[in-house]
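*Asks:* Predicted model follows, preceded by the sequence.
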Amino acid sequence: MFSMRKLAIMVEIVVLSLPILCHASAGGLKVVATFSIIGDFAKQVGGDRIELTTLIGPHGDAHVYEPKPADVIAIGSADIVLVNGLQFEGFLQRLVKMGNSKTPVVELSKGSRLLRNIKKGHDHDNRKSHDSSHDHHHKGHHHHGKYDPHAWQSVRNAMVYVKNVADAFCVADPAGCTTYRANAGSYVEKLRALDEEIRVIVTGIPESKRTVITSHDAFGYFAYEYGIRFLAPLAVSTESEASAADIATLIGQIRETKAAAIFVENITNPRLVEQIASETGLQVSGELYSDALSDESGPAATYIAMMQHNITTIRSAIAGTRHGE
C-alpha cells in the first residue's frame, strides 16, 4: 500500500543526498509529464526547447502507479507539470502536496469532448464539452469521476491536448511561443491525417465484424469516434476486479454479438483475456496499447504509432476471422 509517511521520509533522504538535483540544468523549460502519452505530446510541441521528465514510462499503468521520492523532487523543480486530469492520476495531488510545490499543473483534457463514466463501461451517447479543471481528484488510485478519463483515444481530442500543451508552454516560456505554435501546428496536421486514416480503415470493416474484446474499458472514445465496439471484463480502471458474474455476462455478450477478435493490452495481465478466449473459442489476436506507449523498439513508441498500431491490429485480426469462416 502507498504510505505517505514512508514517502515523506524517503523524500527527505533523497533531497538531502542530492542537493544539486533541482539545479542540474539551467537550460530549457523544465517539463514534467505524468505518463508516456502526455510525454510524447510534450516532445512534439516542445522539441529541443524543453527538458522533459516523464513519471510513468513505457508500458506503465497510471491506475496502479505508486509514486517515488524522485517524482516529488521532479515536480518541485519543474516549471510546469502536464497531466491528463479527469481523476486519471489519482496519485498526483498527494505528490504536489508532499512537495509543497507551487509548480503550475495543466490538465490537458480541458476543453475535450468527453464521455460520461458509467458503472459498466461508457455512455457513448452522452458526450459533453467539459472544463476538467472543475473536477476534484479522489484520494484513491482507482476511482475515476464523472467522465471517462481516456479522452486521448479520440484523435480529435488529442488535437485539443496538443493545443493545451502549446498554450501552457507559451505562458511558461513566452520567448519560445512562436516555436511552440509552429510545432503544434505541424503536429496537428499529422493528427488530422491520422484521424482520416483510422476512419478509412474502419469503413473497410463490415459493420457486423466491428465488435472486439479488450482487457479494460479504455477504448470508449475510440468506440464513439470510429465505430468499433469494445467489450471488456474490467471497468475504466485496471485496479477493479471482474467478478465471475461479470465474466459470465461478458461471455454471453461475446457469443450474442459474435465478437470478431480478442486482444490483450500492454498494461494489463493477460490471464483474464486468455481465460475468456478459451471459453469463447476466440484466439488472442495481438496486443493493443491503451494507457501507455511501448518503448522505443516497440510498435507504439509515439502516440501516432500507437493509434496506427491499434487500428491495423484490429483490422488484421478481423480480416483473419472473416477469411477463416
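*Replies:* Received it, and whenever you're ready, just let me know what you need.

*Asks:* Could you list the low-pLDDT ranges of the protein?
*Replies:* 1-27, 118-144, 234-242, 267, 269, 321-325 (pLDDT under 70).

*Asks:* Longest helix of it, counting residues only.
*Replies:* helix 177-203 (DSSP state H).

*Asks:* Which other helices and strands does it contact?
*Replies:* helix 36-46, helix 155-172, helix 220-226, helix 303-323 (3 or more Cβ pairs under 8 Å, 6 or more residues apart in numbering; DSSP states H and E). The way it works is simple: take the backbone N, C-alpha and C, and place the C-beta from them, glycine included.

*Asks:* buried sites along that helix?
*Replies:* 179-181, 183-184, 187-188, 191, 194-195, 197-198, 201-202 (16 or more other Cβ atoms under 10 Å).

*Asks:* what's the angle between it and helix 36-46?
*Replies:* For helix 177-203 against helix 36-46, the angle by axes from the mean of the first three to the mean of the last three Cα atoms, to 10 degrees is 130 degrees.

*Asks:* re the thing from before, switch the helices and strands packed on helix 177-203 over to JSON lines; also include distance to residue 76.
*Replies:* Below are the helices and strands packed on helix 177-203 laid out as JSON lines (distance: least, Cβ to Cβ, whole Å):
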{"stretch": "helix 36-46", "distance to residue 76": "18"}
{"stretch": "helix 155-172", "distance to residue 76": "16"}
{"stretch": "helix 220-226", "distance to residue 76": "33"}
{"stretch": "helix 303-323", "distance to residue 76": "27"}
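
*Asks:* From these, pick the one with the highest average neighbour count.
*Replies:* Among the helices and strands packed on helix 177-203, helix 36-46 has the highest mean neighbour count (mean count of other Cβ atoms under 10 Å), at a mean of 25.

*Asks:* Could you list the residues in contact with the following helix or strand past that helix?
*Replies:* Sequence-wise, the next helix or strand downstream of helix 36-46 (DSSP states H and E) is strand 50-56. With Cβ atoms under 8 Å, 6 or more residues apart in numbering as the test, strand 50-56 has contacts from 25, 27-36, 38-39, 42-43, 46, 62, 65, 67, 71, 74, 78, 169, 292.

*Asks:* Would you mind checking the residues you listed for buried ones?
*Replies:* By 16+ other Cβ under 10 Å, the contacts of strand 50-56 give 28-36, 38-39, 42-43, 46, 62, 65, 67, 71, 74, 78, 169, 292 as buried.

*Asks:* and residue 51, what are its bridge partners?
*Replies:* Counting by DSSP bridges, residue 51 is bridged to residue 30.

*Asks:* how about stretch 281-294: buried residues?
*Replies:* Buried residues in stretch 281-294 (16+ other Cβ under 10 Å): 282, 284, 285, 286, 287, 288, 289, 290, 291, 292, 293, 294.

*Asks:* dump the residue contacts of the residue nearest the centre of the chain.
*Replies:* Residue closest to the mean C-alpha point of the chain, counted by Cα atoms, centre = their mean, is residue 291 at 3.4 Å. If a contact means Cβ under 8 Å, 6+ apart, then residue 291 has 35, 37, 61, 62, 63, 150, 218, 265, 267 as its contacts.

*Asks:* Mark which of these are part of strands, please.
*Replies:* Among those, the members found in strands (DSSP state E) are 35, 265.

*Asks:* Would you mind giving the buried residues of helix 177-203 as JSON lines with distance to residue 54 added?
*Replies:* Below are the buried residues of helix 177-203 laid out as JSON lines (distance: Cβ to Cβ, whole Å):
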{"residue": "179", "distance to residue 54": "21"}
{"residue": "180", "distance to residue 54": "18"}
{"residue": "181", "distance to residue 54": "23"}
{"residue": "183", "distance to residue 54": "18"}
{"residue": "184", "distance to residue 54": "19"}
{"residue": "187", "distance to residue 54": "18"}
{"residue": "188", "distance to residue 54": "21"}
{"residue": "191", "distance to residue 54": "20"}
{"residue": "194", "distance to residue 54": "22"}
{"residue": "195", "distance to residue 54": "25"}
{"residue": "197", "distance to residue 54": "26"}
{"residue": "198", "distance to residue 54": "25"}
{"residue": "201", "distance to residue 54": "29"}
{"residue": "202", "distance to residue 54": "30"}
